[in-house]
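# What would the 3D arrangement of this be:
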Amino acid sequence: MHKNTKLGIILLCDIEGPVARVLRDDVELLDAAAEGRHFLDLCESESRDKAAAFLHAIARNGGAFNWELNVSREDRVVCLCFAGSRSEDGLLIVGGISRQALAELLHIASESLREFESVLSSAVSALHLAHSSAHPNEYVFDELTRVNNELTNAHRDLAKSNAELSIALRRLAEQNRQVASQAKLLDIAYDAILVRTIDGTIEYWNRGAAQLYGWTAEEAEGKNIHSMLRTVFPDPLENVRRTILEQGAWEGELVHTSRDGAQLTVSSRQVLHRDETSHRQLVLEINRDETERTRTREALRTSDRMAAAARLGSALAHEINNPLAILTNSMFMLGVSGTTPEGAQILHRAEDALTRVTSICRQMLALYHEKAVPGKILPRKVLSDVVAAFADQIQAKHIRLVEEYDDAEMIAVESDLLHVFSSLIRNALENLKDGGCLRIRTARVRTWRGKMRRGLRVLVSDNGPGISREQQRTLFEPFVSTKEQRGAGLGLWTTKNIVEKYAGEIRVRSSTQPDRSGTTVAIFFPTIFTQGRDRKVSSNR
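Residues are numbered from 1 along each chain as shown. So this is what the prediction gives:
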């Protein structure tokens with residue numbers, strides 16, 4: 001009747017403790033390899049010292065009863081009440097889930113294990129004697145045993161959880177160190193780098209942003225960037241947000257207002273990032289200050305327009321001045337030859353008008369003659385400044401830029417060189433397609449076109465579609481443009497006038513063949529003052 005009842009285990013061990021046979025295991029604590037293992041190895045590590053004392057008590061007294069030991073298998077631990085007895089043939093060890101179960105196991109052993117009668121004989125009497133002295137409230141012991149088992153298992157689970165938590169904490173600490181390292185790198189950057197929500201609330205603000213805009217990270221974080229910086233967008237804000245959400249990024253030029261009220265023009269790149277932890281949508285925004293470059297670019301454009309207007313006025317004044325002289329002489333001759341009083345009055349008014357027109361022409365001619373004093377100029381520096389002014393256009397069209405500059409000086413007015421170089425580079429960039437190549441080179445030369453002169457040659461080359469031969473014939477004439485409706489036809493004309501003003505020469509070589517199309521403009525400036533033989537080469541900047 002006890003066959004299917006889960007009571008505990010019965011072991012037959014050698015005198016020294018190794019398990020000889022597993023006689024019963026209805027709580028499924030022992031595996032097939034239990035036989036041959038030492039009894040101590042079946043117990044949990046924390047119970048082994050107590051198990052060793054249990055075996056010692058059996059050896060000393062011939063038997064022991066009511067020893068609580070933890071038996072473990074893999075991740076399961078069960079506390080059993082053990083009793084044991086010793087004979088010449090070996091040890092009988094019985095473990096029950098309670099004292100009552102221990103007594104029942106003893107009874108089963110005495111009835112069914114006749115072959116071990118010599119071992120059981122002394123054990124039965126000792127165990128029954130000890131059991132008879134047990135407290136009648138057996139359920140108290142059973143409950144304590146159950147609670148102890150649960151606590152033991154809970155302790156094991158807690159230790160496992162602590163180990164997993166320790167690993168997670170180490171990983172989190174490593175991630176924090178990486179984040180801190182990345183934050184330091186972001187603080188080193190000169191660009192303004194910030195992280196914000198899609199609606200504009202600032203969550204991260206690096207040192208570059210603090211230096212550019214004037215607000216510290218503590219002051220900026222938590223505020224709305226568009227309200228704080230009074231952002232002016234090239235497109236409506238909703239369109240910008242839609243582009244970021246649909247395409248994942250947006251690039252463009254913004255106008256911000258710093259803390260001191262200064263207006264800043266920045267090139268902005270904004271990239272959408274989805275936080276895997278919080279599932280929030282954040283925007284990484286990188287802003288680069290382009291205020292000075294924009295001002296330089298606008299100054300170049302204004303200078304070009306003013307120079308073109310001044311030279312056009314000078315040309316017109318020069319053309320008008322000759323006919324005016326003829327008219328003035330004719331009016332004088334008419335006055336000398338005599339006329340009626342009314343005619344004389346008309347001639348007098350006409351002479352006054354001619355005098356005013358002549359004065360205006362002289363003023364326009366004087367306007368052309370600039371008052372700037374020439375000085376020593378480094379052409380490579382002027383070229384670098386002009387290239388920097390067109391950097392946005394170069395980046396937007398992915399132009400490959402190759403520069404090779406000679407370290408030489410020349411006597412000139414800086415605004416003249418600015419106009420010449422900006423006109424040539426602008427024309428080349430307008431002719432280039434996306435991914436084209438722009439090459440700028442300066443070199444000292446001794447002669448050009450057969451003239452034995454020392455000077456500096458400036459080459460501006462592109463691999464654009466080229467200029468046809470028909471257009472090349474009229475390239476330097478005023479009001480002739482290769483840009484159809486986009487040009488006034490004065491750029492190369494004024495450029496040639498400036499070059500000739502310095503006794504220089506300008507040439508154009510161009511090809512429209514599909515496999516080798518492109519244009520090269522070469523300028524020669526004489527009278528170069530060299531500083532040395534060092535050469536600075538910068539490629540693909």
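
# Strands of the stretch 251-400 of the chain, start to end?
Under the criterion DSSP state E, counting those that start in this stretch, the stretch 251-400 of the chain carries strands at the ranges 263-274, 281-289, 375-377, 400-412.

# which of the residues in the last one are buried?
What it means is strand 400-412. For strand 400-412, burial by neighbour count (16 or more other CB atoms under 10 Å) applies to 401, 403-410, 412. Where C-beta positions appear, they are placed from N, C-alpha and C, glycine not excepted.

# buried ones in the helix or strand just after it?
Counting by DSSP states H and E, the next helix or strand C-terminal to strand 400-412 is helix 414-431. Across helix 414-431, burial judged by 16+ other CB under 10 Å covers 415-429, 431.

# which residues in the stretch 1-150 of the chain form helices?
Using DSSP state H, counting those that start in this stretch, the helices of the stretch 1-150 of the chain run over 39-42, 48-61, 99-112, 117-132, 138-188.

# Those: lowest mean pLDDT?
Here the lowest mean pLDDT among those goes to helix 117-132, at a mean of 51.

# Please look at W67 and A52 and confirm they touch.
No - applying CB atoms under 8 Å as the test, W67 and A52 come out as separate, 11.2 Å apart.

# Give me the more crowded residue out of those two.
Comparing W67 with A52 by other CB atoms under 10 Å, the one with more neighbours is W67, at 20 against 14.

# if I look at that one, how far off is A34?
19 Å (CB to CB, to the nearest Å).

# cool, G252 as well?
Distance, G252 to A34, by CB to CB: 76 Å.

# Which of the two has more residues huddled nearby?
Legend: neighbour count by other CB under 10 Å for G252 and A34, higher for A34 (18 against 14).

# next one: phi and psi at that one?
Note on A34: its backbone torsions stand at phi -70, psi -40 [degrees, to the nearest 10].

# isn't it right next to P18, touching?
No - the criterion here is CB under 8 Å, and A34 misses it with P18 at 10.3 Å.

# so what's C437 up against?
For C437, the contacting residues are 399-402, 462-463, by CB atoms under 8 Å, 6 or more residues apart in numbering.

# Those residues: which two are farthest apart?
Maximum pairwise distance among those (CB to CB): 12.3 Å, between L401 and N463.

# Tell me where the model's unsure across the stretch 251-400 of the chain.
275-278, 295-319, 321-339, 343, 349, 352-372 (pLDDT under 70).

# The same query, at a cut-off of 80, please.
Within the stretch 251-400 of the chain, the segments meeting pLDDT under 80 span 274-279, 292-373, 389, 392.

# for it, what spans make up the helices?
Per DSSP H, counting those that start in this stretch, the stretch 251-400 of the chain carries helices over the ranges 291-337, 341-368, 379-389, 391-396.

# hang on, the earlier thing: closest to L29 among the contacts of C437?
Proximity of the contacts of C437 to L29 was ranked by CB to CB; the top entry is R400 with 77.0 Å.

# Please name the bridge partners of the closest one.
For R400, the residues forming beta bridges with it (DSSP bridges) are C437.

# Tell me which residues touch it, please.
Contacts of R400 were listed using CB under 8 Å, 6+ apart, and they are 435-438, 540.

# Show the buried residues in these.
Buried residues within those, defined by neighbour count using 16+ other CB under 10 Å: 436-438.

# and which of the residues you listed is nearest S45?
Distance to S45, by CB to CB, is smallest for C437 among these, at 75.3 Å.

# And the pLDDT for the closest one?
Note for C437: predicted pLDDT of 94.

# helix, strand or coil for the closest residue to G252 other than its chain neighbours?
Among residues not flanking G252 along the chain, P234 sits closest, at 5.3 Å (CB to CB, 6 or more residues apart in numbering). With DSSP: H, G, I helix; E, B strand; the rest coil as the basis, P234 sits in coil.

# ok, P234 - how many residues close by?
Neighbour count of P234, defined by other CB under 10 Å: 10.

# what's the answer for R37, then?
Around R37 there are 14 other residues, counting by other CB under 10 Å.

# Kindly report the same for G36.
Neighbour count of G36, defined by other CB under 10 Å: 10.

# E238 falls within a strand, correct?
No - counting by three-state DSSP, one finds E238 to be helix, located in no strand.

# For it, grab the count of nearby residues.
A count of neighbours around E238, defined by other CB under 10 Å, yields 9.

# Check the one 10 residues further on too.
The local packing count at G248 equals 12, with neighbours defined by other CB under 10 Å.

# didn't it look like it was pressed against L272?
Yes - using CB under 8 Å, G248 makes contact with L272 at a distance of 4.8 Å.

# Let me see the contact set for the nearest residue to R507 once chain neighbours are set aside.
Leaving out its chain neighbours, the residue that sits closest to R507 by CB to CB, 6+ apart is A522, at 4.8 Å. Neighbour list for A522: 457-459, 506-509 [criterion: CB under 8 Å, 6+ apart].

# 10 Å - rerun?
Shown in contact with A522 (CB atoms under 10 Å, 6 or more residues apart in numbering): 424, 441, 448, 457-461, 505-509.
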